[in-house]
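A.B. asks: any chance you could fold what I've pasted below:
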Amino acid sequence: MHRAVVPDMSSLVGMCRQSDYLLHVDTRSGTPLVTISSLFVVSLTTYFLLEGEAMTPTPTIHPRSFLGHLYTHQPLITSAGKELLRTVPSHAWNEQTSGKMPTQAVLVSIDNGNDALKGAMLHARDPFLRTRRIVTAYAPARTIRAGEGVTTWQVNDSEPFWIGEDAVFAHKAESLPIGMTEERFADQRFRHFLCACLVDLVMEAGYAIHPGEMQGAYELFVSLGLPPEELDLRGPKETVRRALLPLLQTPFTVRRRDEQGQSTTWVLRLAEIAPYPQTFASFATWYYTLDGLPIETDIVKHVTLDIGGGHLHECQIDLMHQGAGRPKLRMSASLLGEGTIAMARAVRETIRARYPGLQLSDAQAQQVLTSGAVTIEGRRVRVDEVVAEVINARSQNLFTQLLPLLQERQSFVMFTGGGSLLLSQSLRRLVSTKRSLHSVLFVPDELAPVLNAIGGYVLAQASAQRMVDQRSATDSSTRRQHE
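C.D. replies: Now for the predicted structure:
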């Protein structure tokens, strides 16, 4: 079992519980170099619940937390009446002057899940978060001669391709790599899939406002969720940094043709990438307010169990309350085993045994697991019985890994991830026999599959505020020197 540890943050200036390990590219030497800088949030203070303040319907979700605001569909407005930051000061490389020029990068959060890519960002004009969940599937586009078209993508000079559910239902759906970052980003198809997903998210957030085909160029500050075991005390591991390097400061021209044949073109450049531990981000949505302050809580040990498509992760946070001052946080994370992909593959093998010759990719098998239907001889056929049998058999292995944690009863447990929805009934039955109501939280269904991405946006906000404050302090110092 691999365990990634984040250090005690109490010695840092400001009580941020996460360091954003930003990847920068320095091209002045002619050879791009990746460097890492750790950014920490402005000082945080303890928040006290006001007497008589209304709680959300779920008592284990604080009403002022990010999670509380999203659960109750409130606008994301700080206590000072301000909207959250949408952009952060950045620099773009100017080929003509061979130097950097100041620009603004749009904040985007991506949870690079094995079963689906999840994204979150603030709407371009409204104070609400927009999220997208796109099945990790890719298929070369086919020419549609009649009927409804299919949204088709092309990145730079790539082949036209389909993504998500459009790809899943294609005859030749291809499985994208499942595993670690260096394995996934080494696949050019996955890099193109990522670029298409970013455009899809940007459109969902209301940025598609230009008439005509050209939609402009966007600098992006990408908060990127990674498996916790790919991060250590110094930031992303060397193999991860090398895998992400080709994405930085590289222009990607993304062409999109919708179902009606209308084409748009976007130019994306990833100005900076801030990797974050995926499961820790879910905790951040539970723990922090829109002001960047921690909620007031008597919980001293918080465990997040993230049941994903590829992996099952545990993230343990120790909250060390002090007589005076801010609580200290320590985080450790463990990879407990496979996620729902093991069940999906078992469903695939069972169906193949009943229908010889039927070939399903991993992405298609995951869809069968969640939908309970498969295409056989041209018809959609319900296979709920097969899915139920596999889930009942294979879930026992997963529950065996969770049982010690539930039995020891020393921690507050939060379940999240798409797998927590798939296994909801049996998981709730198991938990009800081991835990009291107030010692566990099942993240609401509409948020659980995308919570890591939302948490990544929470952490991106912290970094953005810090960078804005630093820029303001630098500008003030410069003005004083010229007075």
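A.B. asks: and the helix or strand hosting residue 466, how far out from the chain middle?
C.D. replies: Here residue 466 is covered by helix 451-482, with elements defined by DSSP states H and E. Its chain's C-alpha centre and that of helix 451-482 lie 21 Å apart, by Cα atoms, centre = their mean, to the nearest Å.
A.B. asks: what's the answer for stretch 270-287, then?
C.D. replies: 7 Å.
A.B. asks: distance between the ends of that stretch?
C.D. replies: 29 Å (Cα to Cα, to the nearest Å).
A.B. asks: what about the strands in the stretch 1-150 of the chain?
C.D. replies: Remark: strands assigned in the stretch 1-150 of the chain by DSSP state E, counting those that start in this stretch are 3-6, 20-26, 33-39, 87-94, 99-112, 116-122, 129-135, 137-140.
A.B. asks: least reliable of those strands going by mean pLDDT?
C.D. replies: Of all the strands of the stretch 1-150 of the chain, mean pLDDT reaches its minimum on strand 33-39 (a mean of 34).
A.B. asks: what residues sit buried inside stretch 409-422?
C.D. replies: Neighbour-count burial for stretch 409-422, counted by 16 or more other Cβ atoms under 10 Å, picks out 411, 412, 413, 414, 415, 416, 417, 418, 419, 420, 421, 422. All C-beta atoms are positioned from the backbone trio N, CA, C, and that covers glycine.
A.B. asks: please apply the same query to stretch 64-79.
C.D. replies: Neighbour-count burial for stretch 64-79 flags 64, 65, 66, 67, 68, 69, 70, 71, 76 (criterion: 16+ other Cβ under 10 Å).
A.B. asks: from residue 371, how far off is residue 358?
C.D. replies: 16 Å (Cβ to Cβ, to the nearest Å).
A.B. asks: one more: residue 337?
C.D. replies: 24 Å.
A.B. asks: same thing with residue 109?
C.D. replies: 27 Å.
A.B. asks: which parts of the stretch 251-400 of the chain are helices?
C.D. replies: 278-287, 341-354, 362-371, 384-408 (DSSP state H, counting those that start in this stretch).
A.B. asks: could you give the angle of the helix holding residue 466 to strand 99-112?
C.D. replies: 160 degrees (axes from the mean of the first three to the mean of the last three Cα atoms, to 10 degrees).
A.B. asks: quick one: buried residues of helix 451-482?
C.D. replies: Quick answer for helix 451-482 (16+ other Cβ under 10 Å): 451-467.
A.B. asks: equivalent analysis for stretch 375-386, please.
C.D. replies: Buried residues in stretch 375-386, counting neighbours by 16+ other Cβ under 10 Å, are found at 383, 386.
A.B. asks: list of residues touching that stretch?
C.D. replies: The contact list for stretch 375-386 (Cβ atoms under 8 Å, 6 or more residues apart in numbering) reads 169, 347, 350, 351, 354, 355, 358, 368, 372, 373, 374.
A.B. asks: try it again at 6 Å.
C.D. replies: Residues outside stretch 375-386 that contact it (Cβ atoms under 6 Å, 6 or more residues apart in numbering): 350, 355, 372, 373, 374.
A.B. asks: how about the second one, nearest residue that isn't a chain neighbour?
C.D. replies: Put plainly, it is residue 355. With Cβ to Cβ, 6 or more residues apart in numbering as the criterion, residue 355 has its nearest non-adjacent residue at 5.7 Å, and that residue is residue 376.
A.B. asks: from residue 378, how far off is residue 339?
C.D. replies: Residue 339 is 31 Å from residue 378, by Cβ to Cβ.
A.B. asks: off-centre distance for stretch 281-298?
C.D. replies: 17 Å.
A.B. asks: give me the buried positions along that stretch.
C.D. replies: Buried, per 16+ other Cβ under 10 Å, within stretch 281-298: 281-290, 292-295, 297.
A.B. asks: ditto for stretch 134-147
C.D. replies: 134, 135, 136, 137, 138, 139, 141.
A.B. asks: from the buried residues of stretch 409-422, which ones fall inside strands?
C.D. replies: The strands, defined by DSSP state E, take in 412, 413, 414, 415, 416 from the buried residues of stretch 409-422.
A.B. asks: could you list the domains of the protein?
C.D. replies: When the chain is parsed with automatic domain parsing, its domains come out as 18-284+449-482, 299-443.
A.B. asks: so which helix or strand of this structure has the lowest pLDDT on average?
C.D. replies: strand 33-39 (a mean of 34; mean pLDDT, DSSP states H and E).
A.B. asks: quick check, nearest of the ones in strands among the buried residues of stretch 409-422 to residue 231?
C.D. replies: residue 416 (18.9 Å; Cβ to Cβ).
A.B. asks: quick check, that closest one in contact with residue 450.
C.D. replies: No - using Cβ atoms under 6 Å as the test, residue 416 is too far from residue 450 to be in contact (9.5 Å).
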